[in-house]
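Chemist: Okay, here's the prediction I keep looking at, along with the sequence it came from:
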Amino acid sequence: MSAEQGTEVEMVEEVDRSGNVMRLVTRAEMRRNNLRHRSVLIAVVSDDGDLLIHQRAEHKDLWPGWWDCAVGGVIAPGEAPDDAARRELEEELGVESAILQPLGSGAYDDQSASLIAWCYVIVHNGPFRFADGEVQRAEWVKPRDLVEWLTAKNFLPDTLALILPRLVSYRSVIA
């Protein structure tokens, strides 16, 4: 749950195209004005090469109820991307220890979101806990079935643009 749904106001770093911090803004202002921010995206792959996809909760402030092929979120002010990735894995999946394999970073901009994301992959077979309520449902998808899933459901466009091309070269998800 975002801090703004509770009692605290969550602050976010607005960054320029190079990732330099310009100022702190509230998460609500970042979403309202589509301000560029820092984020992490973590794909989860099983030992068998299946990709964990999940359906986002209906209370999410962006793309509620849509499907995603990575967990992740906004990097907190002053937080390192690796630390944010570990935090997000624990919050969203209950994964407390995993080896993060960096896939690089990239920018994404559309009418709904503007971000610079650090991308990772982990190999993990579960079990998973969805304690923070951000995930409604999760499914393992075989690489050969991924296109069918992507065409049948609404998937987050930022994750598709930033994670999927990087996973193509990742050996575990190649069919």
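Modeler: Done, it's in. Treat the numbers as computed from the prediction; the structure is a model and nothing was measured.
Chemist: Tell me which residue is most central in this protein.
Modeler: Nearest to the geometric centre of the chain sits G72, at 2.9 Å (Cα atoms, centre = their mean).
Chemist: Phi and psi next, for that residue.
Modeler: When read as degrees, to the nearest 10, the backbone of G72 gives phi 150, psi -170.
Chemist: Am I right that it is in contact with E91?
Modeler: No. G72 is not in contact with E91 according to Cβ atoms under 8 Å; the separation is 10.0 Å. (C-beta placed from N, C-alpha, C; glycine too.)
Chemist: what's the neighbour count on V95?
Modeler: Other residues near V95 come to 20 when the count uses other Cβ atoms under 10 Å.
Chemist: That one and G106, how far apart?
Modeler: Counting by Cβ to Cβ, to the nearest Å, the separation of V95 from G106 is 23 Å.
Chemist: what sits opposite V74 in the beta ladder?
Modeler: S39 (DSSP bridges).
Chemist: Now do the contacts for it.
Modeler: E10, V12, R27, M30, H37, R38, S39, A84 (Cβ atoms under 8 Å, 6 or more residues apart in numbering).
Chemist: now S114
Modeler: N34, L35, R36, H37, Y108.
Chemist: again, but for I99
Modeler: Counting by Cβ under 8 Å, 6+ apart, the residues that I99 touches are I122, V123.
Chemist: again with the one 3 residues further on
Modeler: With contact set as Cβ under 8 Å, 6+ apart, P102 has these partners: W118, C119, Y120.
Chemist: what about the second one, which helix or strand?
Modeler: Secondary structure here is read from DSSP states H and E; on that basis C119 sits in strand 114-123.
Chemist: partners of that strand in the sheet?
Modeler: Strand 114-123 has these strand partners (DSSP bridges): strand 37-45 (parallel), strand 101-109 (antiparallel).
Chemist: avg pLDDT for the first one?
Modeler: Looking at strand 37-45 alone, the average pLDDT works out to 97.
Chemist: what are the ranges of the helices in this protein?
Modeler: Ranges of helices in the chain, per DSSP state H, are 27-32, 81-93, 146-152, 157-162, 164-168.
Chemist: now those helices in a markdown table, with mean neighbour count?
Modeler: A markdown table is the format used below for the helices of the chain (neighbours: other Cβ atoms under 10 Å):
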| stretch | mean neighbour count |
| --- | --- |
| helix 27-32 | 17 |
| helix 81-93 | 20 |
| helix 146-152 | 13 |
| helix 157-162 | 20 |
| helix 164-168 | 16 |
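Chemist: so which of those comes closest to G19?
Modeler: helix 81-93 (9.9 Å; Cβ to Cβ).
Chemist: got the contact list for that closest one?
Modeler: Outside helix 81-93, the residues touching it (Cβ under 8 Å, 6+ apart) are 38, 40, 42, 44, 71-76, 79, 95-96, 98, 100, 105, 118, 120, 122, 124, 128-132, 134-135.
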